[in-house]
Every structure is written in C-alpha cells, then in structure tokens.
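Visitor: sequence and predicted model, in that order:
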Amino acid sequence: MFSITYFNYLVKSNFKFLVAFTLILCAFLTVICNVFTPETISGISNTTQGTIASNILTGNGTLVGFMSNSFYALMAIVFPMVYSILVANRMIAQKVDTGSMASFLSTPMSRYKLAITSAAYLILSLVVMWAVASIVGIVAANTFQPDALDIDTFLMLNLGVFLYHFAISSISFCASCIFNTSKNSLIIGGGLPLMFFVISLLMKIDDSLEFLEYFTLNTLFDPANIVNNSGYSQEFMIMALMGIILYIIGILVFQRKDLPL
C-alpha cells in the first residue's frame, strides 16, 4: 500500500522545490514581523487610501490582523499553490508523458502503491512546509515584536491555509492522475487554482463582484473570519473533505486507466 523506497526517491527528487518554496514563505513572514508597527500600519493605510491596495493591505491594527490581510491574502496563497501545481504534475502526469512511468511500474510496485505513495508525499510535504513556516513565524514575531502575535490565531490561520492547499493540491493531483500529458494536467490542475485566485482577487478589488464567491474555492479560506473568530469550522471541514475525495478519485482513476507505456 505504501512504498518507503519510492517515498525516499520522491523526497530526494523534490527536495529543492520544497526547500525553496518554504524559504520564500519564511522570508515573507520574517519581513512582516520585522516591519510591523502601529505607525507602519497607519502609514500604509494613509498611503493606500482610495486605491486598490487599500482593500488588501488594511488590517485591524494587530500583527496577526496585518498578516491576515497581506501574507495570508497573497503570498501564502500564491507560492504554495505554484508548488502544489508543479509537484502534483511531477508525481504522475510528467512521468507518463516522458515515458519514465514504465520503468517504475516494471518493478514489483503496483500502480496503486505508486499513487498512494505519491499522494502521501505531496500531502506530507505541505504539512512540513506549514509546520516550518509556523515555527519561523512565531520565532520571528517573538524576536522583532515580543508579545505582539496572537499565537493561537496565527496557528489557526496556518491550519486554515494548509487545508486550503490540501484541497488545491488534490485538484492538481487528481488532474495529474487523469491525464497522460503534462500539458492537459497543468491546464486543469493549474488552471483551476489560478482561476480561483484571480476571482478572489477581483472580489477584493471590486465589492460589486461578490457574487463570484460561488465560483472560487478561496471563499472557503477567509482569514478575516479566523482573526475575528466568527465561524470557519464548516469551511475547514469542506476543504478537508474535498481534498480527501479528490485524492481518492485520482488514485482510483490512475489505478484503472489505460497507460501509453
């Protein structure tokens, strides 16, 4: 059901991707913790008043509020999304497309075991990414802004954004399992998440576009609701359930479909 040998291979072959994207998140968190002061927030609000950025960078005056409207609205969405899209495609579709899948399946490892191991790596790599980011964020906040960070809310934001990327990665992984070419895998597995992000960005820019909330997965991850503790458990459960279902569908499709080997 699970191949430790193949998992170790995936760790080694994707290690640079994981380190690079994790470092990017940690760097942004560190910078945000370093520059945050009430005066900084006031200056940003005054500078961006009446502009598009005012709907994105304004906060409630706290460090975690500033993070929710800057880091968790942009960087925490875009960079892990790109990671999930690229790595999910590398897990299955790229191997089929290049013909290297045949060599892996020529071993005693079954398709089912290969798909399960690939899914496990992608999910666990996201767990590692956000676990490291959480630790770095707390350390950076305590270093630059002692006692300014609401750690419980910060961790809940990271849980929420992890579940969001769990759902996003499931879309990319399912597409990678369904299609035999990287082109088609990326069109669906990358196109849908990017479309969701663009729609959510348009909603932030123009309030009249709120009806688009039904066409984007990003609606399920609302940092403001988490910061205000105004109810988000249902959204968390939907993202978790969606991720589980799509990962299972992808694994089952790959197990049964015809491969051009």
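Guide: Yep, that arrived.
Visitor: and the strand or helix carrying M237, what's buried?
Guide: In this assignment (DSSP states H and E), M237 forms part of helix 233-256. Buried positions in helix 233-256, judged by neighbour count with 16 or more other C-beta atoms under 10 Å: E235, F236, M239, M242, G243, L246, Y247, G250, I251, F254. In short, each C-beta sits where N, CA and C put it, glycine included.
Visitor: which non-adjacent residue is nearest A76?
Guide: V161 (5.1 Å; C-beta to C-beta, 6 or more residues apart in numbering).
Visitor: can you tell me the SS state at the one you found?
Guide: Per DSSP: H, G, I helix; E, B strand; the rest coil, the local secondary structure of V161 is helix.
Visitor: wait, it touches W130, no?
Guide: Yes: between V161 and W130 a contact is recorded at 6.9 Å, counting by C-beta atoms under 8 Å.
Visitor: shared neighbours of those two, anything?
Guide: P80 (C-beta atoms under 8 Å, 6 or more residues apart in numbering).
Visitor: identify the residues contacting the helix holding M237?
Guide: With C-beta under 8 Å, 6+ apart, helix 233-256 has contacts from 92, 110-112, 115-116, 119, 123, 159-160, 163-164, 166-167, 169-171, 173-178, 217, 219-222, 225.
Visitor: now it: mean pLDDT?
Guide: Helix 233-256 shows an average pLDDT of 96 in the prediction.
Visitor: quick one: the helices in the stretch 51-200 of the chain?
Guide: 54-57, 63-69, 76-91, 93-98, 101-105, 111-144, 151-178, 182-189, 191-205 (DSSP state H, counting those that start in this stretch).
Visitor: can I get these in JSON lines with mean pLDDT?
Guide: Shown next, in JSON lines, are the helices of the stretch 51-200 of the chain (pLDDT from 0 to 100):
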{"stretch": "helix 54-57", "mean pLDDT": "52"}
{"stretch": "helix 63-69", "mean pLDDT": "88"}
{"stretch": "helix 76-91", "mean pLDDT": "97"}
{"stretch": "helix 93-98", "mean pLDDT": "93"}
{"stretch": "helix 101-105", "mean pLDDT": "89"}
{"stretch": "helix 111-144", "mean pLDDT": "96"}
{"stretch": "helix 151-178", "mean pLDDT": "97"}
{"stretch": "helix 182-189", "mean pLDDT": "96"}
{"stretch": "helix 191-205", "mean pLDDT": "90"}
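Visitor: mind putting the ones you listed in JSON lines, distance to I4 included?
Guide: JSON lines is the format used below for these (distance: least, C-beta to C-beta, whole Å):
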{"stretch": "helix 54-57", "distance to I4": "44"}
{"stretch": "helix 63-69", "distance to I4": "37"}
{"stretch": "helix 76-91", "distance to I4": "17"}
{"stretch": "helix 93-98", "distance to I4": "19"}
{"stretch": "helix 101-105", "distance to I4": "15"}
{"stretch": "helix 111-144", "distance to I4": "8"}
{"stretch": "helix 151-178", "distance to I4": "20"}
{"stretch": "helix 182-189", "distance to I4": "26"}
{"stretch": "helix 191-205", "distance to I4": "30"}
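Visitor: if we can go back for a sec, can you pull the contacts of the residue nearest to A76?
Guide: By C-beta under 8 Å, 6+ apart, the neighbours of V161 are Y72, A76, I77, P80, W130, F221.
Visitor: then N225?
Guide: G231, Y232, E235.
Visitor: burial count for the first one?
Guide: Just to be clear, that refers to G231. 10 (other C-beta atoms under 10 Å).
Visitor: now it. Nearest residue, chain neighbours left out?
Guide: N225 (6.2 Å).
Visitor: host element of that neighbour?
Guide: Assigned by DSSP H and E, N225 falls in helix 223-228.
Visitor: and that helix, C-alpha only, in CSV?
Guide: What follows is helix 223-228, C-alpha atoms only, in CSV (Å, rounded to 0.1, in the frame of the first residue of the first chain):
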residue,chain,number,x,y,z
PRO,A,223,-8.5,35.0,7.1
ALA,A,224,-10.8,37.7,8.4
ASN,A,225,-13.3,35.1,9.8
ILE,A,226,-10.4,33.3,11.6
VAL,A,227,-9.0,36.5,13.0
ASN,A,228,-12.4,37.7,14.2
